[in-house]
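[1] sharing a sequence plus its predicted fold:
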Amino acid sequence: SAVISQKPSRDICQRGTSLTIQCQVDSQVTMMFWYRQQPGQSLTLIATANQGSEATYESGFVIDKFPISRPNLTFSTLTVSNMSPEDSSIYLCSVIPDGQETQYFGPGTRLLVL
Amino acid sequence: AQSVTQLGSHVSVSEGALVLLRCNYSSSVPPYLFWYVQYPNQGLQLLLKYTTGATLVKGINGFEAEFKKSETSFHLTKPSAHMSDAAEYFCAVSEGGSYIPTFGRGTSLIVHP
């Protein structure tokens, strides 16, 4: 398994600003993911952030809006840039530990954009 | 391609009653199937998973699910609901080696006293 922490746990931001969300894992993992969960919705994969390579974005998500860093095997950041109220959501960090088949999730960052 | 359908966005049961949350999947290869639970203001927690072998899978908190290939289903059950089971439940499917699952829209379980 893996224990994942995220910072901040929640934030209220003004439109036009940016927020960087941090994800810390208690063990080294190659595969890390960022998801968005809009109110009352399921999870939508934003990007896969494997260490040693550029993040791979899913359709509808672009690097300019959601830049991701993955400096090492235990840490990643997701930035939500130039925010609008439509970005209000829960952002979840997730990993699949090396050699395992199960995905583990962080507690999420609850973002409200005014 | 893979997909998941969770029947019923809300399921309401009385405390002590049977819990049944339905999940049907579509997959072009033998699937890996998962159930996750999300308590209010928390992230997702793995309840149970099926990859290979025994089709009846037992998870945490008294939940279990049965993989039925002929019905392409992976329904989640618990014999007796507890108030603490009230949460959002997500079914997910992945196609073996891809490992990145597709999630259903979720079912909100409401437990009445």
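    Okay, I see it.

[2] around chain A, pick out the residues from chain B.
    B:32, B:34, B:36, B:41-46, B:49, B:51, B:90, B:92, B:94, B:99-101, B:103-106 (CB under 8 Å from any CB of the partner chain). In this view, the C-beta of every residue, glycine as well, is placed from N, C-alpha and C.

[3] what strands flank the helix or strand where B:Y25 lies, and is each parallel or antiparallel?
    Assigned by DSSP states H and E, B:Y25 belongs to strand B:19-26. Next to strand B:19-26 in the sheet, as set by DSSP bridges, lie strand B:3-7 (antiparallel), strand B:73-78 (antiparallel).

[4] among the residues of chain B next to chain A, name the buried ones.
    B:32, B:34, B:36, B:43-46, B:49, B:90, B:92, B:94, B:100-101, B:103-104, B:106 (16 or more other CB atoms under 10 Å in any protein chain shown).

[5] return the residues of chain A in contact with chain B.
    So chain A meets chain B at A:4, A:31, A:33, A:41-43, A:45, A:48, A:92, A:96, A:101-108, A:110 (CB under 8 Å from any CB).

[6] quick one on the thing from earlier: tell me the two of the buried ones among the residues of chain B next to chain A that are most distant?
    Using CB to CB, these span at most 20.1 Å, a distance reached by B:Y32 and B:G43.

[7] is A:V95 part of a helix or strand, or is it coil?
    strand (DSSP: H, G, I helix; E, B strand; the rest coil).

[8] hang on, it packs against A:W34?
    No: A:V95 lies out of contact with A:W34 (CB atoms under 8 Å); the separation is 10.7 Å.

[9] ok, the two, which is more surrounded?
    A count of neighbours by other CB atoms under 10 Å in any protein chain shown puts A:V95 above the other of A:V95 and A:W34, at 29 against 26.
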